[in-house]
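Asks: coords below, sequence missing:
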Ligand SMILES: NC(=O)C1=CN([C@@H]2O[C@H](COP(=O)(O)OP(=O)(O)OC[C@H]3O[C@@H](n4cnc5c(N)ncnc54)[C@H](OP(=O)(O)O)[C@@H]3O)[C@@H](O)[C@H]2O)C=CC1
Ligand SMILES: O=C(CO)COP(=O)(O)O
């Protein structure tokens with residue numbers, strides 16, 4: 001049976017873009033936003049404050065009632081990673097058993113070290129956790145520019161159904177059962193995008209950017225391997241694909257955040273998930289004895305333990321070793 005009624009929780013940039021995508025794919029869409037003023041703006045002006053100039057498709061209904069959103073056939077969770085637990089906790093009070101909950105945030109929870117689908121599973125045993133991730137700037141997707149992403153669920157049939165439900169002419173989801181691999185790629189690439197932004201903002205040149213992205217990918221692979229990710233997921237859309245995108249474009253908020261640091265400026269207040277993920281990633285890497293020097297350098301700069309120049313010098317003076 002086709003998944004026809006889709007709820008999107010979060011009227012930010014990515015939630016709005018995914019609501020547009022689902023509507024273009026022919027689904028009935030309910031867009032939930034918790035902030036009263038923003039919900040009013042969404043329903044009156046038919047556009048998100050986070051994506052000015054993009055008019056909501058007619059098939060999108062805006063609501064502030066979480067109970068109404070909970071009645072849909074599948075629910076996309078598009079709030080920041082650190083807010084996911086509180087939203088899922090409220091949602092499960094009225095949700096139908098067996099509903100797919102698709103995490104669309106890219107991060108790891110502070111304190112618990114939990115990935116997004118682990119949080120869902122902890123909050124309820126009656127939902128079907130899934131994850132959507134890949135190279136996809138909200139502004140591009142909302143305008144209908146083409147891209148491809150990965151949707152993973154433990155049951156391949158569920159992942160395939162979700163991919164079909166969100167497939168429109170321009171948005172092409174591939175399906176997978178490697179949930180952990182998909183969520184690792186999205187979380188780690190944000191930290192590496194900050195590093196790449198720093199390189200750019202400091203004016204270190206295109207060669208340094210390429211070298212840093214490549215060695216960053218080696219860190220992602222090491223971390224992924226240790227946590228059970230499949231190699232083809234790490235080299236796929238949600239891993240390497242998203243890493244290439246966000247390490248190479250100022251359109252990325254994480255990249256821009258790093259670029260501001262590299263120029264010695266204060267970053268804008270826009271959401272940069274990598275700044276939240278970096279310290280958690282470092283804790284996990286240390287716990288598991290995984291060498292992640294670039295991620296550690298980002299965490300040290302964010303914690304004011306190193307200046308940008310000290311972090312760069314430390315990376316360049318590491319002992320010479322074999323490439324792996
Ligand atoms: N933007 C992009 O291109 C992409 C983003 N993502 C990921 O999607 C996630 C969301 O990002 P994005 O939409 O861009 O972020 P935005 O900052 O644009 O929007 C965040 C949304 O979450 C809401 N929100 C914040 N805190 C809470 C809370 N405690 N409870 C409920 N809702 C809350 C905000 O509400 P309010 O209106 O009150 O601020 C807003 O609607 C991130 O993890 C990001 O990495 C993934 C792919 C692409
Ligand atoms: O994840 C994204 C694109 O795939 C969006 O990246 P930023 O959050 O850095 O803007």
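Replies: Right, received. Where do you want to start? Quick caveat, the model's predicted, so the values are computed rather than measured. Ligands and ions are numbered 1, 2, ... in the order given.

Asks: can we go C-alpha only for contacts and neighbour counts from here?
Replies: Fine.

Asks: so this protein: which segments form each domain?
Replies: Domain assignment for the chain by the TED database gives 5-177, 180-317.

Asks: report the secondary structure state of residue 207.
Replies: helix (DSSP: H, G, I helix; E, B strand; the rest coil).

Asks: so what's the residue count around it?
Replies: Here the number of neighbours of residue 207 (other C-alpha atoms under 10 Å) works out to 8.

Asks: let's verify residue 29: helix, strand, or coil?
Replies: Per three-state DSSP, residue 29 ends up strand.

Asks: for it, give me its contacts.
Replies: Going by C-alpha atoms under 8 Å, 6 or more residues apart in numbering, residue 29 touches 5, 6, 7, 8, 19, 22, 23, 59, 60, 61.

Asks: separation between residue 97 and residue 262?
Replies: 48 Å (C-alpha to C-alpha, to the nearest Å).

Asks: the two: who's more crowded?
Replies: Neighbour count, other C-alpha under 10 Å: between residue 97 and residue 262, residue 262 has more, with 25 against 12.

Asks: helix or strand for the closest residue to residue 48 other than its chain neighbours, which one?
Replies: In this structure, residue 48 finds its nearest non-sequential neighbour in residue 42, 5.5 Å apart by C-alpha to C-alpha, 6 or more residues apart in numbering. Per DSSP states H and E: residue 42 is located in helix 36-45.

Asks: how about stretch 13-22 and ligand 2, touching?
Replies: No: using C-alpha under 6 Å from any ligand atom, we find that stretch 13-22 stays clear of ligand 2, coming within 8.3 Å at best.

Asks: hmm, that stretch touching ligand 1?
Replies: Yes: shown here: stretch 13-22 in contact with ligand 1 (C-alpha under 6 Å from any ligand atom) through 13, 14, 15.

Asks: top of the residues you listed by neighbour count?
Replies: Counting by other C-alpha under 10 Å, top hit in the residues of stretch 13-22 next to ligand 1: residue 15 with 27 neighbours.

Asks: so where does the residue of the stretch 151-300 of the chain found nearest ligand 1 fall, helix or strand?
Replies: As assessed by C-alpha to the nearest ligand atom, ligand 1 sits closest to residue 271 within the stretch 151-300 of the chain, at 5.0 Å. Using DSSP H and E, residue 271 sits in no helix or strand.

Asks: skipping adjacent residues, who's closest to it in space?
Replies: Per C-alpha to C-alpha, 6+ apart, closest to residue 271 is residue 253, 6.9 Å.

Asks: what's the helix holding residue 42 packed up against?
Replies: Applying 3 or more C-alpha pairs under 8 Å, 6 or more residues apart in numbering; DSSP states H and E, one finds that helix 36-45 makes contact with strand 60-63.

Asks: that older thread, so which of the contacts of residue 29 comes closest to residue 77?
Replies: residue 8 (6.3 Å; C-alpha to C-alpha).

Asks: return the subset of the residues of stretch 13-22 next to ligand 1 lying in helices.
Replies: Among those, the ones falling in helices (DSSP state H) are 13, 14, 15.

Asks: am I right that residue 148 falls within a helix?
Replies: No: Residue 148 is assigned strand when assessed by three-state DSSP, not a helix.

Asks: which residues of the stretch 201-324 of the chain lie near ligand 1?
Replies: So the stretch 201-324 of the chain meets ligand 1 at 271, 273 (C-alpha under 6 Å from any ligand atom).

Asks: give the contact list for residue 264.
Replies: Counting by C-alpha under 8 Å, 6+ apart, residue 264 has no contacts.

Asks: that one and ligand 2: what is the separation?
Replies: 19 Å (C-alpha to the nearest ligand atom, to the nearest Å).
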